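Visitor: sequence first, then the predicted structure:
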Amino acid sequence: QVQLVESGGGLVQAGASLRVSCSASGSTFSRRVMGWFRQAPGKEREFVASITWSGGNTLYADSVKGRFTISRDNAKNTLYLQMNSLKPEDTAVYYCATSLRGGRTPRGYDYWGQGTQVTVSS
């Protein structure tokens, strides 16, 4: 079983940068695809980015491409999301999740963290 704990969220102004982290426990971290999703109030949970276990392949939502960077440190069992040029529409609870296959749909991920709030003021 894998347990995920996000951290690093907060309140920032538009244009600022923020890095959120996800610490994973469990021996399967390094063999799983890791992903970031987000959910704004009244909206469905949406895909942000994912990364394969080797880090060699990444996938991004069009809305964050060029601004966000996903990375992982398998030695530390930690996933990161570096967010630059933040916009008010990036405001959401950010969740990390893990999957054997990956993809853009939440249903493809079987373990989830509790989420961390990111708020971007205009």
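Guide: Alright, I've got the coordinates.

Visitor: chain center to the one helix or strand Thr98 maps to, what's the gap?
Guide: Thr98 is part of strand 92-99, with elements assigned from DSSP states H and E. The chain centroid and the centroid of strand 92-99 are separated by 5 Å under CA atoms, centre = their mean, to the nearest Å.

Visitor: against which helices or strands is it packed?
Guide: strand 3-7, strand 18-25, strand 33-39, strand 78-83, strand 111-112, strand 116-121 (3 or more CB pairs under 8 Å, 6 or more residues apart in numbering; DSSP states H and E). Where C-beta positions appear, they are placed from N, C-alpha and C, glycine not excepted.

Visitor: what is the orientation angle of that strand with strand 116-121?
Guide: 140 degrees (axes from the mean of the first three to the mean of the last three CA atoms, to 10 degrees).

Visitor: what angle separates strand 92-99 from strand 3-7?
Guide: Here the directions of strand 92-99 and strand 3-7 differ by 150 degrees (the same axes, to 10 degrees).

Visitor: low-confidence regions, this structure specifically.
Guide: 27-30 (pLDDT under 70).

Visitor: need the residue closest to the centroid of it.
Guide: Centroid-nearest residue in the chain: Trp36, 2.4 Å away (criterion: CA atoms, centre = their mean).

Visitor: show me the contacts for it.
Guide: For Trp36, the contacting residues are 20, 22, 48-50, 70, 79, 81, 94-97, by CB atoms under 8 Å, 6 or more residues apart in numbering.

Visitor: I'm done for today, thanks for sticking with me.
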